[in-house]
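Participant: the following comprises the amino acid sequence and a computationally predicted model.
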Amino acid sequence: MSTYDPAALECLAAIVEEGGFERAAQRLNVTQSAVSQRLRALEAQVGSVLIVRSRPLRPTSAGQLLLKHTKQMRLLRADLERDLQELAPSAPGGTRDDERISIAINADSIATWAMGALHDLVRQRLPLEIIVDDQDFTQEWLRSGQVLGCVTTLKQALRGCKMVPLGAMPYVAVASAAFAQQHLPQGLTPHNFRDVSFLSFNRKDDMAAEFVARAFGLKRVALNHLFVPSAEGQMRAVAAGWAVGVVPELLARGALADGSMVDVAPGRALPIQLYWHCWNLESELLDAMTAALKGAAAEALVP
């Protein structure tokens, strides 16, 4: 079996993570020519193209396998650093800044429960990178080898990975009190949902449409959308009276309690089941991250 140059593997990872050769060179503190040479040498060794020179750049299937291997090596080095720190606490430690441990989490989990789960790991100087995507798409980051774990709505574990159920996050439809009084005095109904706009993260986000369809037993719905790509931004947009937001009940709880927002579909909630997927490796760091996320989810989410 071939032995791959760690510097060349990190070069491949830098190109993918930074989205280009120039930024990869800046991160690795080498010339752009050196980055190209390392990649060509690795491609020659593998006997396959590793990067598709498109916009944006993307790894080929072979590139994805080597990228996954590189991140697994980072995880092993991070485990080693933790063990060495326990033996010699006064010694300088910590994984190199360019060897980040990456996970993918949906924005609503970041805005509610997930950040607290990772607090202790970050305090231990773990160079964490959180990639944000829709909960239905975070698993693609794991499939491509770009992250070591993800929070997703998909239950089926990928090959070589394990799955841990986290619990359900209930979503409710809310609006500012003034918006609801003006546009939805009777609340949200099957007859008036087309008369108002709904907030979504982006064009991949179908949460609002799924909520309306399930709430009223409809097969397919078309909504008027306003796109605001952050959980906190959506809450500010709801408070400003822009539209109806289908948001985590955890996020809206305070505003509902003080009356600044109202539930426009009382008694109706959309529970979204979440799962943690990660590589099935023997790793103290990965086990600690899994335990932390599972514990925080148990406190915040619905079993």
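Facilitator: Yep, that arrived.
Participant: CA only for contacts and neighbour counts going forward, please
Facilitator: Noted.
Participant: how near is Leu121 to Met73?
Facilitator: Using CA to CA, to the nearest Å, Leu121 is found at 19 Å from Met73.
Participant: likewise for Arg38?
Facilitator: Arg38 is 18 Å from Met73, where distance means CA to CA.
Participant: and for Ala237?
Facilitator: In this view, Ala237 and Met73 are 43 Å apart by CA to CA.
Participant: same check, this time on Asp134
Facilitator: For Asp134 relative to Met73 (CA to CA), the value is 27 Å.
Participant: neighbour count: these two, which is higher?
Facilitator: Between Asp134 and Met73, counted using other CA atoms under 10 Å, the more crowded position is Asp134 (21 against 16).
Participant: now do that one against Asn192, distance only.
Facilitator: Asp134 sits 27 Å away from Asn192, going by CA to CA.
Participant: and Arg220, what's its pLDDT?
Facilitator: On the pLDDT scale, Arg220 is placed at 85.
Participant: for this protein, what's the longest strand?
Facilitator: With secondary structure taken from DSSP state E, the chain has its longest strand at strand 161-176.
Participant: what is that strand packed up against?
Facilitator: Packing partners of strand 161-176 (3 or more CA pairs under 8 Å, 6 or more residues apart in numbering; DSSP states H and E): helix 231-239, strand 245-248, helix 249-258, strand 261-263, strand 270-279, helix 284-300.
Participant: chain center to it, what's the gap?
Facilitator: 13 Å (CA atoms, centre = their mean, to the nearest Å).
Participant: now do that strand, average pLDDT.
Facilitator: 97.
Participant: go on, stretch 252-268?
Facilitator: The pLDDT scores in stretch 252-268 average 96.
Participant: list the buried residues in that stretch.
Facilitator: Applying a neighbour-count criterion of 16 or more other CA atoms under 10 Å, one finds 252, 255-256, 261-265, 268 buried in stretch 252-268.
Participant: where in the stretch 1-150 of the chain is pLDDT low?
Facilitator: 1-2, 85-99 (pLDDT under 70).
Participant: residue boundaries of the strands in it?
Facilitator: In the stretch 1-150 of the chain, the segments counted as strands under DSSP state E, counting those that start in this stretch are 51-52, 58-59, 101-105, 128-132, 149-152.
Participant: and Val16, how far from Pro170?
Facilitator: Look at Val16 and Pro170: by CA to CA, they are 35 Å apart.
Participant: for those two, indicate the residue with more neighbours.
Facilitator: A direct count of neighbours by other CA under 10 Å for Val16 and Pro170 places Val16 higher, at 21 against 18.
Participant: what's near enough to touch the more buried one?
Facilitator: Going by CA atoms under 8 Å, 6 or more residues apart in numbering, Val16 touches 57-59.
Participant: returning to what we had before: which among the buried residues of stretch 252-268 gets closest to Gly149?
Facilitator: Ranked by distance to Gly149 (CA to CA), the buried residues of stretch 252-268 are led by Ala252 at 27.5 Å.
Participant: quick one: that closest one from Arg27, how far?
Facilitator: Distance from Ala252 to Arg27, by CA to CA: 40 Å.
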